[in-house]
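Q: need the 3D shape of this:
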Amino acid sequence: MGSLIFTMILWIHLLFAIIFIGGSYFIWFVIWPESFKLTRDEKERTKIVGTFSKRFAIFTNYSVLILIVTGIVLAIHMYLQNTQLFSTLEGLVLEIKVAVVGVALGIMYYNNLTHPKKIVRLLAEGKRDEVDKIRRRSHMFSYATLVLLGVITLLGTFLVNYF
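A: Okay, here's the model as predicted:
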């Protein structure tokens, strides 16, 4: 494939990384803190943030799929450019990046598929102490994911010479 095609694939990869990573930071550093200004009612605030989060989850899932596909294509392209890739520093960076992506996605999907439902159920039951405990755990997972997404971005900057 020509270099124009790989440039387009790289552009698509970067665009969806911006949507996914930028959106994740936006949810946690803009939407969530501002929800406290909208209402003091915990159930209402959870509903507001949940509404935004559900909508963003659609973009997240498509973005992750596109990032994985374009990432695989770009990694193959890198390998074809240098069949000794995995004995180089760039190859090591790529391997680390793939591992960090796997960990970040595992944490993110575990967190997103388990904690919100528990929080909504416990809020409906009026179990505020349990909600606070689960919410703290969920926030730790979310912040860990944000840190890992930052690391992934940083690692990606070491690979730009291939394109």
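Q: mind listing what's buried along the helix or strand hosting residue 149?
A: Element membership for residue 149 (DSSP states H and E) is helix 128-157. If you call a residue buried by 16 or more other Cβ atoms under 10 Å, then helix 128-157 has these buried ones: 131, 134-135, 138, 141-142, 145-146, 148-149, 151-152, 155-156. Bear in mind the C-beta positions are built from the backbone N, C-alpha and C, glycine included.
Q: out of these, who's nearest residue 30?
A: Residue 30 lies nearest to residue 146 out of these, by Cβ to Cβ, at 12.9 Å.
Q: so where's the protein shaky on pLDDT?
A: Scanning the chain for pLDDT under 70 picks out 1, 162-163.
Q: quick one, helices of it?
A: 3-17, 23-26, 32-38, 42-81, 89-124, 128-157 (DSSP state H).
Q: make CSV from the buried residues of helix 128-157 and add distance to residue 60 to it.
A: Listed next are the buried residues of helix 128-157 as CSV, based on distance: Cβ to Cβ, whole Å:
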residue, distance to residue 60
131, 24
134, 21
135, 20
138, 16
141, 15
142, 12
145, 11
146, 13
148, 15
149, 11
151, 18
152, 14
155, 20
156, 18
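Q: which residues touch residue 94?
A: Going by Cβ atoms under 8 Å, 6 or more residues apart in numbering, residue 94 touches 75, 78, 85, 86, 159.
Q: and residue 26, how close does it get to residue 8?
A: Here the criterion is Cβ to Cβ, to the nearest Å. By it, residue 26 lies 26 Å from residue 8.
Q: please read the previous query as pertaining to residue 17.
A: 15 Å.
Q: list phi and psi for residue 82.
A: Main-chain torsions, residue 82, degrees, to the nearest 10: phi -150, psi 100.
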